[in-house]
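Q: Here's a sequence, model it:
(4 chains)
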Number of protein chains: 2
Amino acid sequence: MSRDPREDARPGYELPLRLLLAFRTVIDELHERIAREGHPDLRPMHGFVFQAIGAQGTTAVELGKRLGVSKQAAGKTVEQLERLGYVERGSDPADARRKVVRLTGRGVDCLVRSARIFEELREEWVAQLGGEERLRELEDALRTLAPGDPFRLDTPRWFGGP
Amino acid sequence: MSRDPREDARPGYELPLRLLLAFRTVIDELHERIAREGHPDLRPMHGFVFQAIGAQGTTAVELGKRLGVSKQAAGKTVEQLERLGYVERGSDPADARRKVVRLTGRGVDCLVRSARIFEELREEWVAQLGGEERLRELEDALRTLAPGDPFRLDTPRWFGGP
DNA sequence: TCCATATAGTCAATGAGGTTGTCGATCGTG
DNA sequence: CACGATCGACAACCTCATTGACTATATGGA
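A: The predicted structure follows:
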């Protein structure tokens, strides 16, 4: 028989692996649901790109800075999302060099659905953990361990590495 | 003035972003330390590969299955790690088709150091959270949200996507 | 025993996604 | 007005994955 789990020594790698597994589980669940709602070709990365574009649109250079990639890479990503119908490019009357990238109706629909699904998922986490208070404690603990702004949009580049 | 934080509505996307940020913070810290101890060319992905190879060694096909990539991709990764001196390939006397991949002394050294650094980091998390009990609660909450085996080794492929 | 089939590893071609370098067009400031 | 900075685009290249084809070896059933 094993001892009381509260007495077990827990390996140091458990927490980071659990963090990643929980993140993967959440994101997979999000994309499963959003695929069922009419957006089947979205990748985990695209959510970050949509957030980086924002409601008012942006340019390739600015998008590259937010995502932590070169302007050329950002331009290619925009091109791909344009082919998928999620963004469109227009010219800026105030500056003929700039080409503003904006979300299309389909892109906005995707953002709206993502936000709603995240709220639904949050309610499910509250139920699983046994109360809103538990989820807040979890969030507080994570804030303590990693206090920065959670909106780091340079994540896609981070894992693969150069 | 903002209200008491415990009364604020928290958006549903906060938890997943915090999970990812905490994971990144931990892994970045691990690699910063292990780089200082003589392993500067390791990428976040390589830790997963070492774990997938294991102490007894494995083959390219088996490694590919564990990592969730093709055998060709696994073979190329092995080739790269062989160039860096972390693994070596030998033949299997019982099966002339198989070429067994094993960790070198340098590879084992890397695993040992990783394990020690993870233990050091865990002590620091305990101190930051204000007690072993808090960290156990955090781990328990994460187990509740994502109950599976945390040793999912197919992560490198997960984010980038096909 | 011998042959069919399955498996291990390698080579080649391709694609996605990133990089740097370069260039012309345009803006802003001195 | 001219010069430097900025934006977007094109090209060449790198890394890391993919699939397909091929050889060598193992294995199991007629």
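Q: hey, let's count contacts and neighbours off CA atoms from now on
A: Will do.
Q: distance between the lengthiest helix in chain A and the chain's centre?
A: Of all segments of type helix in chain A, defined using DSSP state H, the longest is helix A:105-129. Counting by C-alpha atoms, centre = their mean, to the nearest Å, helix A:105-129 is centred 12 Å from the centre of its parent chain.
Q: cool, and stretch A:146-156?
A: Worked out by C-alpha atoms, centre = their mean, stretch A:146-156 lies 10 Å from the chain centre.
Q: Touching that stretch from outside, list them.
A: Defining contact as C-alpha atoms under 8 Å, 6 or more residues apart in numbering or on different chains, one finds that stretch A:146-156 is touched by A:45, A:48-49, A:52, A:66-69, B:14, B:17-18, B:21-22, B:25, B:159-160.
Q: Which two of those residues have the greatest separation?
A: Taking C-alpha to C-alpha, the two most distant members of these are A:V69 and B:E14; they sit 23.6 Å apart.
Q: Any buried residues in the longest helix of chain A, and which?
A: Buried positions in helix A:105-129, judged by neighbour count with 16 or more other C-alpha atoms under 10 Å in any protein chain shown: A:107-108, A:110-111, A:113-115, A:117-119, A:121-123, A:125-126, A:129.
Q: Would you mind pulling up the elements that that helix packs against?
A: helix A:14-36, helix A:44-53, helix A:132-145, helix B:132-145 (3 or more C-alpha pairs under 8 Å, 6 or more residues apart in numbering or on different chains; DSSP states H and E).
Q: circling back to that earlier point, can you say which of the contacts of stretch A:146-156 are buried?
A: A:45, A:48-49, A:52, A:66-68, B:17-18, B:21-22, B:25, B:159.
Q: can you redo these as CSV with distance to B:G75 and pLDDT?
A: Listed next are the buried ones among the contacts of stretch A:146-156 as CSV, based on distance: C-alpha to C-alpha, whole Å; pLDDT from 0 to 100:
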residue, distance to B:G75, pLDDT
A:M45, 27, 80
A:F48, 31, 86
A:V49, 32, 90
A:A52, 36, 91
A:R66, 35, 91
A:L67, 31, 91
A:G68, 30, 90
B:L17, 33, 89
B:R18, 34, 92
B:L21, 31, 90
B:A22, 31, 92
B:T25, 30, 89
B:F159, 20, 67
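Q: Could you point out which of those is nearest to DNA strand C?
A: Taking C-alpha to the nearest atom of the strand as the measure, DNA strand C lies nearest A:G68 of the buried ones among the contacts of stretch A:146-156, at 6.4 Å.
Q: CA atoms of stretch A:63-74 as CSV?
A: This file holds the C-alpha atoms of stretch A:63-74, laid out as CSV (Å, rounded to 0.1, in the frame of the first residue of the first chain):
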residue,chain,number,x,y,z
LEU,A,63,2.2,42.5,-35.6
GLY,A,64,5.7,41.2,-35.9
LYS,A,65,6.8,43.1,-32.9
ARG,A,66,3.9,41.9,-30.8
LEU,A,67,4.4,38.3,-31.9
GLY,A,68,8.2,38.5,-31.5
VAL,A,69,8.9,37.6,-35.1
SER,A,70,10.2,39.5,-38.1
LYS,A,71,7.9,41.6,-40.2
GLN,A,72,8.4,39.2,-43.1
ALA,A,73,7.2,36.2,-41.0
ALA,A,74,4.2,38.3,-39.8
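Q: gap between the longest strand along chain A and the chain center?
A: Looking across chain A with DSSP state E, the single longest strand is strand A:95-103. Distance of strand A:95-103 from the chain centroid (C-alpha atoms, centre = their mean) equals 24 Å.
Q: Let me know whether that strand sits next to DNA strand D.
A: Yes. Shown here: strand A:95-103 in contact with DNA strand D (C-alpha under 7 Å from any atom of the strand) through A:R97, A:R98, A:K99, A:V100.
Q: Name only those of those residues that count as buried.
A: A:R98, A:K99, A:V100.
Q: Chain neighbours aside, what residue packs nearest to the second one?
A: Okay, so that is A:K99. With C-alpha to C-alpha, 6 or more residues apart in numbering or on different chains as the criterion, A:K99 has its nearest non-adjacent residue at 4.6 Å, and that residue is A:S91.
Q: mind checking the SS state of that neighbour?
A: Here A:S91 is strand, with the state taken from DSSP: H, G, I helix; E, B strand; the rest coil.
Q: Neighbours of it, how many?
A: Residues lying near A:S91 (other C-alpha atoms under 10 Å in any protein chain shown) number 12.
Q: Low-confidence ranges, chain A, go.
A: Along chain A, segments meeting pLDDT under 70 span A:1-8, A:155-157, A:159-162.
Q: which parts of it sit against DNA strand C?
A: Residues of chain A lying near DNA strand C (C-alpha under 7 Å from any atom of the strand): A:68-74, A:76-77, A:80, A:94-97, A:156-157, A:162.
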